[in-house]
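> Got a predicted structure plus its sequence, pasted below:
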Amino acid sequence: MKAFETEVNYKESVTTLKTQIKSLKSLIKLDKTQAAIIKPIIVEKTNLLNYIAGSKTWNFNFEGGGWNSNNAKTKEKAIRLAKKEYRKSKNCIVKESTFRVATEADTKMLLSSFY
């Protein structure tokens, strides 16, 4: 999802969703007969805003093997944090192209290498 790829996309997406939610709430005030139609849309957009605005766990790999994870709101920030954490390591070179939002299945698969 592009909304949390970069800080710019993140801020733009959050601002857009907040504006949409505010506008939809204003519509309900103007025409209460439309509330049944509009309220589920507000709930959906609010849930999306909460997901986008929240911190996510990012899984990533190292050049030559291995993996780790960190937490950040955007992919861009997750990459910066990982590079900072492993900047002095000769063996743990962060592979930027592998950053992805951690899913239960992905993390389970990665952890299975320890068993």
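Structure received.
> end-to-end on stretch 24-38?
Start and end residues of stretch 24-38 are separated by 7 Å (C-alpha to C-alpha, to the nearest Å).
> Look up the closest residue to Glu5, ignoring the ones flanking it.
The spatial neighbour of Glu5 that comes closest, neighbours along the chain excluded (C-beta to C-beta, 6 or more residues apart in numbering), is Lys75 at 5.1 Å. For glycine as for every other residue, the C-beta is placed from the backbone atoms N, C-alpha and C.
> swap that for Asp106, please
Leaving aside its chain neighbours, Asp106 sits nearest to Asn59 (5.7 Å; criterion: C-beta to C-beta, 6+ apart).
> And Leu81, by the same measure?
Computed as C-beta to C-beta, 6+ apart, the closest residue to Leu81 that is not its neighbour in sequence is Asn70, at 5.2 Å.
> what comes up buried for stretch 8-26?
Residues 9-10, 13-14, 17, 20-21, 24 are the ones in stretch 8-26 that count as buried (16 or more other C-beta atoms under 10 Å).
> Now do Ile93 against Asn61, distance only.
Distance of Ile93 to Asn61, given as C-beta to C-beta, to the nearest Å: 10 Å.
> The two: which is more packed in?
Set Ile93 next to Asn61 and count neighbours by other C-beta atoms under 10 Å: Asn61 wins out with 18 against 14.
> Quick check: the more buried one is in a strand.
Yes: Asn61 forms part of a strand when assessed by DSSP: H, G, I helix; E, B strand; the rest coil.
> just checking, it touches Ser69?
No: if you go by C-beta atoms under 8 Å, Asn61 and Ser69 don't touch, sitting 10.5 Å apart.
> List the beta-bridge partners for the closest residue to Lys56 other than its chain neighbours.
Using C-beta to C-beta, 6+ apart and skipping the chain neighbours, the partner closest in space to Lys56 is Val101 (5.1 Å). When bridges are called by DSSP bridges, Val101 pairs up with Trp58.
> Any regions of the chain where pLDDT drops low?
Across the chain, nothing is flagged by pLDDT under 70.
> Tell me what the residue nearest to Leu81 is bridged to.
Trp58.
> Enumerate every residue touching it.
Neighbour list for Asn70: 57-58, 60, 78, 81-82, 85 [criterion: C-beta atoms under 8 Å, 6 or more residues apart in numbering].
> Understood, closing this out.
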